[in-house]
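Student: pasting the sequence and the predicted coordinates here, then a few questions.
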There are 2 protein chains.
Amino acid sequence: MIHYPDGTPYKEPKTKQTYTKKGTEANRGMSLEDDINKSNEYYRENDICLITKRPTPINVVKVDYSKGARITDAYFEKESTTDYNGVYKGRYIDFETKNTKSKTSFPFANIPEHQIDHLTRVLRHGGIAFFIIEFQSLDEVYLIDASLIIERYNSRERKSLSYQEIKEKGLIIERSYNPPLKYIDAVNKLYFAE
Amino acid sequence: MIHYPDGTPYKEPKTKQTYTKKGTEANRGMSLEDDINKSNEYYRENDICLITKRPTPINVVKVDYSKGARITDAYFEKESTTDYNGVYKGRYIDFETKNTKSKTSFPFANIPEHQIDHLTRVLRHGGIAFFIIEFQSLDEVYLIDASLIIERYNSRERKSLSYQEIKEKGLIIERSYNPPLKYIDAVNKLYFAE
């Protein structure tokens, strides 16, 4: 079992997918991230909102400046936040993207405790917090408010949210050529509807 | 001259200071960053706001999983945003920290164009954007709204902001044991005063 310097078990970071092929799942996982990144680029260029992906925290141990500041030794730090944050209509936006192959539910095994803590704090400070969940087998992507998942996560009554519940309480995100995922439309309906 | 893969000149990233000693300047530079990070931790733990440092973007080329996912080849990507962002009283907060040894002015040579573009967009979307500037020789730290620097930066009339102007239009940030830099007090005065 691989461990972090602080002794906690090592989890392979999502961004690994950007430099190692991991087959269908990783590619799918990557494509959701790609679609969000492309959408954020579109939203930025068209002055709709400013939302960026947080880089994966990496602890750099050694740099070879003779090779043009090439990093020769480093390790992944534990992430303490979510993947995306930014500003829309003056409000703070914070969200995490997740994939599941399940057709019936989104298992919380995919959510590390620190993300629940982070999103709980975001809500406490008046920010907008949600999850973007892709049901890969159904090729459907939903936006669901973080409070629903946090509440269920803490209640421990069930370790997942059913597809039906997400379908009812969340909003489906429409795909298009550009932006690939029109998630701001869902944000408008959920948080900015008059 | 070292260049990025895209051909633009390489600039040594600030976070280099976390793993190479660069003498007084770097240590000072680091200590401002350290003070902000410690302050953010204090503000987080005391539920005052949720502001985090963006990790330095690093492009990972090779990972040795036999060594416990040790990164053996990677390089620094160009940063496209600022160092810090988060949420306070529902509002989006975005800022950059800078040091200068000058006693008389803050030279814009310290500000890459992409940060001006990013902060301009933050303001356009209704976020709160500012710089935290440390005059090292005076041991004084100021918070100044980004719009003042953006305006001057674009006017090109002068490539710096005078210490006097920062003193008049900015707010001095009080030091304390914890938080080391009470910059939220300045944020309150500047953006949330009734």
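Tutor: Perfect, thanks for sending it. Numbers count the residues shown, from 1 in each chain, chains lettered A, B, ... in the order given.

Student: quick check on the residue sitting furthest away from the middle of chain A: phi, psi?
Tutor: Most distant from the centre of chain A: residue A:66, at 36.5 Å, with distances by CA atoms, centre = their mean. With angles defined as degrees, to the nearest 10, residue A:66 sits at phi -70, psi -20.

Student: and the longest strand for chain A?
Tutor: Scanning chain A for the strand with the most residues, using DSSP state E, yields strand A:91-100.

Student: say whether chain B is contacted by stretch A:87-100.
Tutor: Yes. Judged by CB under 8 Å from any CB of the partner chain, stretch A:87-100 and chain B are in contact via A:87-94. Quick note: C-beta positions are derived from backbone N, CA and C, even for glycine.

Student: of the residues you listed, closest to residue A:73?
Tutor: Here the nearest of those to residue A:73, counting by CB to CB, is residue A:94; it sits at 32.0 Å.

Student: my guess is that closest one contacts residue B:85. True?
Tutor: No. Look at residue A:94 against residue B:85 with CB atoms under 8 Å: they stay out of range, at 10.0 Å.

Student: helix/strand/coil for the residue nearest to residue A:42 when sequence neighbours are not counted?
Tutor: Residue nearest to residue A:42 in three dimensions, not counting chain neighbours: residue A:179, with 4.1 Å by CB to CB, 6 or more residues apart in numbering or on different chains. The local conformation at residue A:179, judged by DSSP: H, G, I helix; E, B strand; the rest coil, is coil.

Student: my read: residue A:179 touches residue A:43, true?
Tutor: Yes. Counting by CB under 8 Å, residue A:179 touches residue A:43, with 6.5 Å between them.

Student: from residue A:70, how far out is the nearest residue to residue A:91 once chain neighbours are set aside?
Tutor: Among residues not flanking residue A:91 along the chain, residue A:128 sits closest, at 5.4 Å (CB to CB, 6+ apart). Here the criterion is CB to CB, to the nearest Å. By it, residue A:128 lies 39 Å from residue A:70.

Student: what about residue A:77, neighbour count?
Tutor: Other residues near residue A:77 come to 15 when the count uses other CB atoms under 10 Å in any protein chain shown.

Student: if I look at it, how far off is residue B:167?
Tutor: Here residue A:77 is placed at a distance of 38 Å from residue B:167 (CB to CB).

Student: now swap in residue A:181 and tell me
Tutor: In terms of CB to CB, residue A:181 sits 47 Å off from residue B:167.

Student: which one's more surrounded, those two?
Tutor: residue A:181 (25 against 15).

Student: who are the contact partners of that one?
Tutor: A:35-36, A:39, A:132, A:141, A:173-175 (CB atoms under 8 Å, 6 or more residues apart in numbering or on different chains).

Student: and the strands in chain A?
Tutor: Under the criterion DSSP E, strands of chain A are mapped to A:50-53, A:58-64, A:70-76, A:84-88, A:91-100, A:105-107, A:128-135, A:140-145, A:160-162, A:171-172.

Student: can you lay out these as JSON lines showing distance to residue A:119, mean neighbour count and mean pLDDT?
Tutor: Shown next, in JSON lines, are those (distance: least, CB to CB, whole Å; neighbours: other CB atoms under 10 Å in any protein chain shown; pLDDT from 0 to 100):
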{"stretch": "strand A:50-53", "distance to residue A:119": "15", "mean neighbour count": "22", "mean pLDDT": "97"}
{"stretch": "strand A:58-64", "distance to residue A:119": "23", "mean neighbour count": "17", "mean pLDDT": "93"}
{"stretch": "strand A:70-76", "distance to residue A:119": "21", "mean neighbour count": "19", "mean pLDDT": "94"}
{"stretch": "strand A:84-88", "distance to residue A:119": "11", "mean neighbour count": "25", "mean pLDDT": "98"}
{"stretch": "strand A:91-100", "distance to residue A:119": "7", "mean neighbour count": "23", "mean pLDDT": "96"}
{"stretch": "strand A:105-107", "distance to residue A:119": "15", "mean neighbour count": "19", "mean pLDDT": "94"}
{"stretch": "strand A:128-135", "distance to residue A:119": "4", "mean neighbour count": "24", "mean pLDDT": "98"}
{"stretch": "strand A:140-145", "distance to residue A:119": "10", "mean neighbour count": "22", "mean pLDDT": "98"}
{"stretch": "strand A:160-162", "distance to residue A:119": "14", "mean neighbour count": "18", "mean pLDDT": "93"}
{"stretch": "strand A:171-172", "distance to residue A:119": "17", "mean neighbour count": "16", "mean pLDDT": "98"}
